[in-house]
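# turn this into a structure:
(2 chains)
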Amino acid sequence: MSMKRSLLSLIAVAFLTVTFGARLLGHEGHEHRVLGTVTMAASDHLMLKDRDGKDVVVKVTKDTKVKANPSTTVERIEAGTRVVITAIEGKDKSLTAKTIEVGRKP
Amino acid sequence: MKKLFLLAIAIVLVLGGAVVYSIISRGLSTHDEPSRVEEVLARSMRHWATPRATRGLANPVAPTTEVITEALEHYADHCAPCHGNNGSGDTEIGRRMYPRVPDMRAAATQSLSDGELFSIIEHGVRLTGMPGWGDGTPESERESWALVHFIRRLSKLTDEDVARIESLGPKTPAQLKEEEESRRFLEGKDGKDGKDEPSHEPSKPHKHEKE
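A predicted model of the protein is given here:
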């Protein structure tokens, strides 16, 4: 029984490794923190200027959490508002927001 | 029986050669997403490797408020860095492991028996990132059973629960520094000279205090 189990494990491990070997994929899935000031807000994306003055676009999905007091929605964030965004970088280098912390209004 | 054994050995040798070839040609990067087939196979292997008696164990710890609170704190400290504050597995570490850290709120985890969950926490799972947390003591087992109760409640966590887990989680000095930096930025207190940035209200002139 024990030998059978060992053989089964060996075969499975070998099969998995061969069939599903990996390939390198840049920085996909890497988490970024963006600190910036909102220039435009829509329900599906946010445009902001980061602290170096660079324009950044961050996608917004239904899973994006907005942390604000009082609570708000993405499209209601006013231009000039400071935000801290935790975003995930995709294969195409685009950023998708996981959380948006809303700070001081203009 | 002998033929079967020889056939198995032959299969292992062939696949072994293929493994070596694969490692040499493609490496062992974890960036790829495991396929559905691999996932099913791995889960099945884990299921078979868990003794039937363990799978059938009932949780001996009563799910009192104290037990759940204690488990939440334990989860925040030991589990959340990989499994996420809400159990989604959507963490910096979780997205990079092979296999990916599972969403424990989903059916694939919730359909496991209490005994299977306990076994995974206590003994870990080889060839994954899941360590065996148990040390064989009754206290360790009690903590693992308490975590089983907590895992069953993951899909019902409130935003307050998640925030509490986040606040209890271990933080590196770099993370603490980032949090402080974010807080100051959001409050508009990130003046480059280290002083608080003044609130710009054109109609009300303001003074800068000298140090």
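# surely B:His83 touches B:Arg105?
No. Under the criterion of CB atoms under 8 Å, B:His83 is not in contact with B:Arg105, lying 10.1 Å apart. Heads up, the C-betas are built off the backbone N, CA and C, glycines and all.
# higher neighbour count, those two?
Set side by side, B:His83 and B:Arg105 show more neighbours around B:His83, with 24 against 19, by other CB atoms under 10 Å in any protein chain shown.
# so who does that one touch?
Taking CB atoms under 8 Å, 6 or more residues apart in numbering or on different chains as the contact definition, B:His83 lies against B:Tyr75, B:Gly89, B:Thr91, B:Gly94, B:Val101, B:Met104.
# switch the cut-off to 10 Å
Neighbour list for B:His83: B:75, B:89-91, B:93-94, B:101-104, B:109, B:130, B:151, B:154 [criterion: CB atoms under 10 Å, 6 or more residues apart in numbering or on different chains].
# ok, and of those, which contact chain A?
Residues of the contacts of B:His83 in contact with chain A (CB under 10 Å from any CB of the partner chain): B:Asp90, B:Thr91, B:Gly94.
# about what we covered before: which one of the contacts of B:His83 is nearest to B:Glu187?
Closest approach to B:Glu187 among the contacts of B:His83 (CB to CB): B:Thr91, at 26.9 Å.
# that closest one - how many residues pack around it?
Neighbour tally, B:Thr91, other CB under 10 Å: 17.
# repeat that for B:Ala71.
Neighbour tally, B:Ala71, other CB under 10 Å: 23.
# give me the phi and psi for it.
For B:Ala71, the backbone dihedrals are phi -70, psi -40 (criterion: degrees, to the nearest 10).
# isn't it right next to B:Trp145, touching?
Yes. Using CB atoms under 10 Å, B:Ala71 is in contact with B:Trp145, at 9.0 Å.
# got any residues that touch both of these two?
B:Val61, B:Pro63.
# and the residue of chain B nearest chain A?
B:Leu186 (2.8 Å; CB to the nearest CB).
# doesn't A:Gly36 make contact with that residue?
No. Between B:Leu186 and A:Gly36 there is no contact under CB under 10 Å: 11.0 Å.
# who has more neighbours out of the two?
A:Gly36 (23 against 20).
# A strand includes that one, no?
Yes. Using DSSP: H, G, I helix; E, B strand; the rest coil, the assignment for A:Gly36 is a strand.
# circling back to that earlier point, which residues do B:His83 and B:Arg105 both contact?
B:Gly89, B:Ile151, B:Leu154.
# and the second one, which of the three is it?
Secondary structure assignment for B:Ile151 (three-state DSSP): helix.
# residues contacting it?
With CB under 10 Å, 6+ apart, B:Ile151 has these contacts: B:71, B:75, B:79, B:83, B:87, B:104-105, B:109-110, B:112, B:114, B:117-118, B:120-121.
# got any ranges where the chain has weak pLDDT?
Just so you know, I chose chain A. For chain A, the stretches with pLDDT under 70 are A:1-29.
# that's the wrong chain, I wanted chain B
Scanning chain B for pLDDT under 70 picks out B:19, B:22-23, B:26, B:191-211.
# quick one: the helices in it, in order.
B:2-26, B:36-49, B:52-55, B:65-78, B:80-83, B:107-110, B:114-123, B:138-152, B:159-168, B:173-186 (DSSP state H).
# pick the most buried one from those helices.
Each of the helices of chain B was scored by mean neighbour count; the highest is helix B:114-123, a mean of 21, by mean count of other CB atoms under 10 Å in any protein chain shown.
# which elements pack onto it?
helix B:36-49, helix B:52-55, helix B:107-110, helix B:138-152 (3 or more CB pairs under 10 Å, 6 or more residues apart in numbering or on different chains; DSSP states H and E).
# repeat that with 7 Å
helix B:52-55, helix B:138-152 (3 or more CB pairs under 7 Å, 6 or more residues apart in numbering or on different chains; DSSP states H and E).
# center of chain B - which residue?
B:His83 (2.1 Å; CA atoms, centre = their mean).
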